[in-house]
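> Would you be able to build a 3D model of this:
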Amino acid sequence: MRLRRSAIAAAVIATTMTACGTQQSGQPQSASPQPSYPPRPKCAQPAETPTDLPTELPSSPIPSAEGDRSEENEDRPPNYAENHAYRMQAPMAEAKRAQGEASAKLIRNELEKVREEGGSGQYGVFTEERIAAALKRLGCGKEHGVYIGNGFYSVHTGVVCVSGQVRKDELTSEVHGAYAEPQPGTGPCVENRGGH
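Take a look at the predicted model:
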């Protein structure tokens, strides 16, 4: 009797262990894995999708998968790459970069209006409210990871990040991927100043 119970228990455990992670019948099966997070809503999107891809892509801070031989000769500790992985940005294909550049142009145009209106404060910095209002006119709000502080702005357009400076004498923008570990409390487009 005891042998029979052990055999039944072993069969139940084996069945349970091999059934883990399988799809139940009647449920549709996806061809590709679904992300565990919902995609970000889009903002600052041009009316038309850009068809002209940039001829020369700006250099990217993302290291290639193969690595760079010049890094082997640099005077860095052996775990430098692992210790700085939090600074990694999401990669961008040419089409995403083109979309990002089109979004950056819309954002710069809206922020240029803020500069033309004048009224900057100390050190040529405009109020966060005015910059936020300009981004809001393009549909960019808190749900897009908008972060504004001391003349700096960043927003995730739903495709890429656009970050830069807006001051009395300066208006810049940079298109880049979201950070793997962004600065806590700022949204996905602000580089972490600390570490992990």
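
> Flag every buried residue along the longest helix along the chain.
When the chain is scanned for its longest helix (criterion: DSSP state H), the result is helix 94-117. By 16 or more other C-beta atoms under 10 Å, the buried positions in helix 94-117 come out as 96-104, 106-108, 110-111, 114-115. All C-beta spots, glycine's among them, are computed from the backbone N, C-alpha and C.

> For this structure, which segments count as strands?
Under the criterion DSSP state E, strands of the chain are mapped to 147-149, 152-156, 161-167, 170-171, 174-176.

> Out of the ones you listed, indicate the one that is most buried.
Greatest average neighbour count among the strands of the chain goes to strand 152-156 (a mean of 25), per mean count of other C-beta atoms under 10 Å.

> Thr157 is in contact with Pro39, correct?
No - the pair Pro39 / Thr157 is not scored as a contact, 11.8 Å apart, by C-beta atoms under 8 Å.

> Among the two, which residue is more densely surrounded?
Thr157 (28 against 8; other C-beta atoms under 10 Å).

> Now do the contacts for Gly119.
Shown in contact with Gly119 (C-beta atoms under 8 Å, 6 or more residues apart in numbering): 126, 130.

> Distance check, it against Gly139.
24 Å (C-beta to C-beta, to the nearest Å).

> Contacts only, for Ile148.
128, 131-132, 135, 154.

> For it, give me the pLDDT.
Looking at Ile148, its pLDDT is 97.

> Okay, and the beta partners of it?
With DSSP bridges as the criterion, Ile148 is bridged to Tyr153.

> Ala47: neighbour count?
For Ala47, using other C-beta under 10 Å, the count is 6.

> For Leu106, see how far away it is.
10 Å.

> for Ala44, same thing?
5 Å.

> Spit out the residues that contact these two alike.
Joint contacts of Ala44 and Leu106 (C-beta under 8 Å, 6+ apart) are Leu138.

> coming back round to it: excluding its own residues, what touches the longest helix of the chain? List them.
44-46, 49-50, 52-54, 57, 92, 126, 130-131, 134-135, 137-138, 140, 153, 155, 157, 159-162, 164, 166, 168, 171, 173-176.

> Average pLDDT for that helix, rounded please.
Helix 94-117 shows a mean pLDDT of 96.
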